[in-house]
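S.K.: What shape does this take:
(one chain, ligands or ions: 4)
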Amino acid sequence: MPNEVEIKKAICWFCFRGCPVEVQVSNENVVKVKGDRAGEEKGFLCEKNVLASLSYNDHPNRLNYPLRRIGERGEGKWERISWERAIDEVADKLNKIRNKYGAEAVACLKGHGHVHEYWAHQRWSNLFGTPNSFDSAKDCFQPQLAAEVAVYGDTTVPCLPRPGVTKCMVIFVSNPYEALPPDWRVFVEAKRQGTKVIVIDPRLTRTAELADLWLQIRPGTDGALAYGMLNVIIEEGLYDKEFVKNWCLGFEAVKNFIKGYPPARVESITWIPREKIIEAARIYATNKPAVMAAGWGVTHSQLGRGRTLSVNLAKCILRAITGNLDIPGGELLHPKTKAAFSQNIHWDKLFTHQLRKKDGVSADKFPIMSVKAFKLFQEALRRVYGENGFPLEMAIYPNISPFYLWTSILEEKPYPIKGLLNMGMNVLVTRTNTRRIYQALKSNNLELHVTAELFMTPSAMLSDYVFPMCDWFERSNFSPPNYFSNIGEQCVKPKYERRSDYDFLRELGIRLGQEDYWPEKVEELYNKFLGPIGLDFKELVRRIRWEGDKSLIPVHEYKKYEKIGFGTFSGKVELVPSLLKKLGYELLPSYKDLPQILEVTGGEEEYPLVLISGGRVRTFFHSQLREQTKLRERRPNPIMQIHPDTASELGIASGDWVYIETPKGRIRHKAEVTDRIHPKVVHAEHGWWFPEQPGEAPDLFGTWESGIGVLFPDEPEVCDYQGGPPMRAIQCRVSKA
Ligand SMILES: Nc1nc2c(c(=O)[nH]1)N[C@H]1C(S)=C(S)[C@@H](COP(=O)(O)OP(=O)(O)OC[C@H]3O[C@@H](n4cnc5c(=O)[nH]c(N)nc54)[C@H](O)[C@@H]3O)O[C@H]1N2
Ligand SMILES: Nc1nc2c(c(=O)[nH]1)N[C@H]1C(S)=C(S)[C@@H](COP(=O)(O)OP(=O)(O)OC[C@H]3O[C@@H](n4cnc5c(=O)[nH]c(N)nc54)[C@H](O)[C@@H]3O)O[C@H]1N2
Ligand code: SF4
Ligand SMILES: [Mo]
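M.R.: Ligands and ions are numbered 1, 2, ... in the order given. This is a model prediction of the structure:
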């Protein structure tokens, strides 16, 4: 007799976009996955889902039981132990570290693989008492959000164009065709309905093909371009004078500063012809409403504190002075949810314990990550949003600079870090300066390294304990503050001995004195936080997913600032934000920090090409999915793109293996010779490791062979203003392998 098929309404988490899906389940097995046509994605699924859904949940490489290391760290010798025992041992060791060195001697890593429960990890580290957490958000949206919150006390990112309404979109450092597959059609439709498109990218991507104006920029100079656009807009009087007069502070300072960035100078910095800079500025300023869509890579594409701050602030200034803030078809300020529980679910007022204790290891070097900054932000936002009304954790929660994390392990300065709890961050592959990370993870100074993972990754290989985690089929989904779109049901029971991140953290937490904070079922917590809107989780799933009830989605209220002001100290848009000034940042930084940076990244004579990395491909999500055969068949090898002129000078043809080299190391990729890239720039994919290769150290599944992190620096000089390292725009040299 055939088994009955049940349908579950879940959320795909093969990437952080979280598309709604209908999963057919039979006998606790996933038998079919379809896009949910009721969602705004209209049933769209990308190739990750289509080609990996059925092979994922019971893939032979999945981790199924807790493991304890028996050989040397990295030797690949493990024994299976029971959950009880593994958790008891880990809790005991964490406790010993806390008693001996203080809670801050344990650092928590939070990867991008499990965004739906990221709040639980933050909750755990707050309760344990450590300010040392390192989250993947640091590399992408966090620095932008922090700048926005400092300038207008709110965030717009990520804004999509509104077809038929938005007249212009500027895409800085982004390729939504690959990175946001379900939203791509919105970009295409907007263009069809007349939105002018400006794309800034050293590569002619699918997104750049859509452009009316494509600016082939020199990597790492987007801030200078934005300054140049400001120069034209202000000199030609194309800004929104009413808005500037009524709502902006600091305009005169910007106006004076920006005189130093005329198009001719900006051309020499950015390689973009001055006419195009002028044209871009005019198109943007005169086609309102306009959005700067997507673009998370903008920070890690620039080198150093000054440049990262300038690009993020200049984008905020452009949005504001052109009067595009919070108008229909423009830059929507963060859509507010009815119940402002987002911050509560993370902090639950617990962080206040931590506020009285030690700062994170990099807080004095990158003051925006300090407790002082947290308090300042809270103070500025309080007037507009109330006590806990703003999801501040998105923008600035304490997040340490990885350089100081690794050196705190290796050199015990500014104080020792002795334990690492890694929840799904494949550090060895997705971070920079792999050699330093490897040394830190191998070091005897590190007394405990625990990893919670779905697969035995290169990073998990260097752990003392590995815990097997659930995938998205095996748990429910709820992602504040987007609970209207990202809510989904559990489809199957966890297989083998896998558990959800929540259950793992809970088990560990209750052994460490956190028993009051982790109810048995995660849904109980959801219900608690949903209280203010008078619904529970089951009801919410039913109403939103099964009944398509849109009435719960708050209607956006435009220009609310006219009633309550902006969430800054002054209540105005602070073009030169007082908050960052109070933290000692140089505002409106100029483009002067290059020589100091070159010491770390290598000079142009020895390393003549500019390396960019990590442009997204639809097939993979960062370091994930390399074990999925059908996806791997589409992209079996790491690819480096190079221009035909440059390739022929170097004797390189498409399909050749090539070495890419920087002062930090050498890796090899396969060449793709293409005129879609600037002749002085090469682009290499990120996230590569080879699950089919030997995993024991030092091989670590081919980490050293093709992992892009081997090439990139992590030193504070090149880090962004929050302490995150660059992942693009360094010098390199290329040769045939
Ligand atoms: N050179 C270069 N490097 C980059 C970038 C770049 O552009 N260029 N981009 C950077 C950016 S923006 C980001 S966000 C980072 C992402 O870097 P990471 O956060 O490391 O991201 P992933 O490789 O997606 O995921 C890490 C691990 O999470 C595991 N995982 C998946 N689901 C779960 C779960 O539910 N629970 C747990 N515990 N684990 C899970 C996966 O198996 C995977 O091994 O990479 C950065 N690295
Ligand atoms: N399929 C897939 N989708 C993803 C991800 C994934 O791993 N796979 N990761 C997700 C995550 S965490 C993030 S943060 C987003 C990021 O996604 P996006 O915001 O789209 O950004 P990226 O894909 O990082 O980079 C986009 C473009 O920036 C260009 N670029 C490189 N350096 C520079 C520079 O200095 N200046 C300019 N102007 N352009 C430059 C590259 O050529 C590339 O085409 O994607 C998300 N979506
Ligand atoms: S874009 Fe693809 S991988 Fe990402 S959530 Fe949607 S279907 Fe899943
Ligand atoms: Mo990211």
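S.K.: What are the buried residues along whichever strand or helix holds residue 84?
M.R.: Using DSSP states H and E, residue 84 falls within helix 83-101. Using 16 or more other CB atoms under 10 Å as the test for burial, helix 83-101 gives 83, 86, 87, 89, 90, 91, 93, 94, 97, 98, 101. Glycine gets a C-beta too; all of them are placed from N, C-alpha and C.
S.K.: partners of the very next helix or strand once past it, with directions?
M.R.: Next in sequence after helix 83-101, counting helices and strands by DSSP H and E, comes strand 106-110. Using DSSP bridges, the strands paired with strand 106-110 in its sheet are strand 133-135 (parallel), strand 419-423 (parallel).
S.K.: got the CA coordinates for the last one in CSV?
M.R.: Output for strand 419-423, consisting of C-alpha atoms alone and laid out as CSV, is shown next (Å, rounded to 0.1, in the frame of the first residue of the first chain):
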residue,chain,number,x,y,z
GLY,A,419,37.4,28.1,24.0
LEU,A,420,35.6,28.3,20.7
LEU,A,421,32.0,27.4,20.1
ASN,A,422,31.5,27.3,16.3
MET,A,423,27.9,27.2,15.1
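S.K.: any residues touching that strand, and which ones?
M.R.: Defining contact as CB atoms under 8 Å, 6 or more residues apart in numbering, one finds that strand 419-423 is touched by 93-94, 97, 105-111, 114, 121, 124-125, 409, 441, 446-453, 459-460, 463, 501, 505.
S.K.: again with the shortest one
M.R.: Contacts of strand 133-135 with the rest of the structure, by CB under 8 Å, 6+ apart, involve 107-110, 118, 121-122, 125, 142, 360, 397-400, 402, 405, 425.
S.K.: Please export the C-alpha coordinates of the helix holding residue 84 as PDB.
M.R.: C-alpha atoms of helix 83-101 as PDB (Å, rounded to 0.1, in the frame of the first residue of the first chain):
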ATOM      1  CA  TRP A  83      24.700  13.200  23.300                       C
ATOM      2  CA  GLU A  84      24.400  13.200  27.100                       C
ATOM      3  CA  ARG A  85      28.100  12.500  27.500                       C
ATOM      4  CA  ALA A  86      29.300  14.900  24.800                       C
ATOM      5  CA  ILE A  87      27.200  17.800  26.200                       C
ATOM      6  CA  ASP A  88      28.200  17.000  29.800                       C
ATOM      7  CA  GLU A  89      31.800  17.100  28.900                       C
ATOM      8  CA  VAL A  90      31.600  20.200  26.800                       C
ATOM      9  CA  ALA A  91      29.600  22.100  29.500                       C
ATOM     10  CA  ASP A  92      32.100  21.000  32.100                       C
ATOM     11  CA  LYS A  93      35.000  22.300  30.000                       C
ATOM     12  CA  LEU A  94      33.300  25.600  29.300                       C
ATOM     13  CA  ASN A  95      32.600  26.000  32.900                       C
ATOM     14  CA  LYS A  96      36.200  25.400  33.800                       C
ATOM     15  CA  ILE A  97      37.400  28.000  31.300                       C
ATOM     16  CA  ARG A  98      34.900  30.500  32.600                       C
ATOM     17  CA  ASN A  99      36.000  29.900  36.200                       C
ATOM     18  CA  LYS A 100      39.600  30.100  35.400                       C
ATOM     19  CA  TYR A 101      39.800  32.900  32.800                       C
END
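S.K.: Leaving out sequence neighbours, find the closest residue to the residue of the stretch 151-300 of the chain found nearest ligand 3.
M.R.: Residue nearest to ligand 3 within the stretch 151-300 of the chain (CB to the nearest ligand atom): residue 181, separated by 4.5 Å. Leaving out its chain neighbours, the residue that sits closest to residue 181 by CB to CB, 6 or more residues apart in numbering is residue 46, at 4.0 Å.
S.K.: Likewise for residue 276?
M.R.: Using CB to CB, 6+ apart, the nearest residue to residue 276 is residue 215, at 5.8 Å.
S.K.: Before I go, just wanted to say thanks for your time.
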